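# coords please:
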Amino acid sequence: MSADHGKTSPWRGPRGARGWKDLAGSWGRGGQPPCRNPRPPRRSAALMTAQPASSWSPADGDADLVGQPGQDVLALRGVTLTQLVIAINVLEPGLSLHLDGDGGLGFVDQSGESRPFSGDLTIQGATLRFTGVASIILV
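Predicted coordinates for the structure are as follows:
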C-alpha cells in the first residue's frame, strides 16, 4: 500500500499543517497585518471638494449669509435639487446654473466663467438670503 500525503498547498506544506505562529505572522509583534483592501491614494488639493463655510436647512428658519474669500461655499441640508431650482432667486442678470465637477452648484456668465452670486431662497416657509456665494453643495 502506498501512503497518500495529499496535495501540497501554501497552507499545508509537505511536512503537514502549518503552525499557528506561521499563520499569525507578525501580528501583535509591532508589524502590520496583511491588508486585503489597501487604502486609496490621497487626493491632491486641487481635486478635493470645497468645504462649506456655512450650512443651512429649512428647519433652521430665516437666515442671512455673506460670502467672503475662502468662506463662500454654502451647504444646504435637507434640500433636493428640484427644490433648489424652483426656489432660488438670483439677483445678477445673465447668469446660468452650472453643475461643478466636484458636485457643487454654481452660476456662470455668458463667457462660461464662474461668478459669485447673490439672491434668496425660500423653502417650506424659511428664507435664506445670501450674498457673494461661489458655490452651493446639497448635503
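
# what about residue 122, helix or strand, and which?
strand 117-123 (DSSP states H and E).

# packing partners for that strand?
Here strand 117-123 is seen to pack against helix 81-87, strand 88-90, strand 126-133 when contacts are counted using 3 or more CB pairs under 8 Å, 6 or more residues apart in numbering; DSSP states H and E. C-beta: built from backbone N, CA, C; applies to glycine.

# these: which one's closest to residue 112?
Evaluated over these, closeness to residue 112 peaks at strand 88-90, with 16.8 Å, by CB to CB.

# right, and the helix or strand after that closest one?
Counting by DSSP H and E, what follows strand 88-90 is strand 96-99.

# alpha carbons only: can I get that next one in CSV?
In CSV, the C-alpha atoms belonging to strand 96-99 read as follows (Å, rounded to 0.1, in the frame of the first residue of the first chain):
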residue,chain,number,x,y,z
SER,A,96,-26.8,80.3,-15.8
LEU,A,97,-27.0,77.5,-13.3
HIS,A,98,-24.0,75.2,-13.6
LEU,A,99,-23.2,71.8,-12.0
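
# partner strands of it and their direction?
Strand 96-99 sits in its sheet next to strand 105-108 (antiparallel), going by DSSP bridges.

# which other residues reach the strand it pairs with?
81, 84, 90, 92, 95-100, 114-115, 117, 134-138 (CB atoms under 8 Å, 6 or more residues apart in numbering).

# now swap in stretch 80-97 and tell me
Contacts of stretch 80-97 (CB under 8 Å, 6+ apart): 76, 105-110, 115, 117-123, 136, 138.

# show residues contacting stretch 54-66.
By CB under 8 Å, 6+ apart, stretch 54-66 touches 71, 73-79, 123-133, 139.

# show the end-to-end separation of that stretch, please.
Stretch 54-66 has an end-to-end distance of 10 Å (CA to CA, to the nearest Å).

# please apply the same query to stretch 113-129.
Rule used - CA to CA; the end-to-end distance of stretch 113-129 is 23 Å.

# also stretch 99-112?
12 Å.

# buried ones in it?
100, 104-108 (16 or more other CB atoms under 10 Å).

# give the contact list for residue 119.
Contacts of residue 119 (CB under 8 Å, 6+ apart): 88-92, 129-130.
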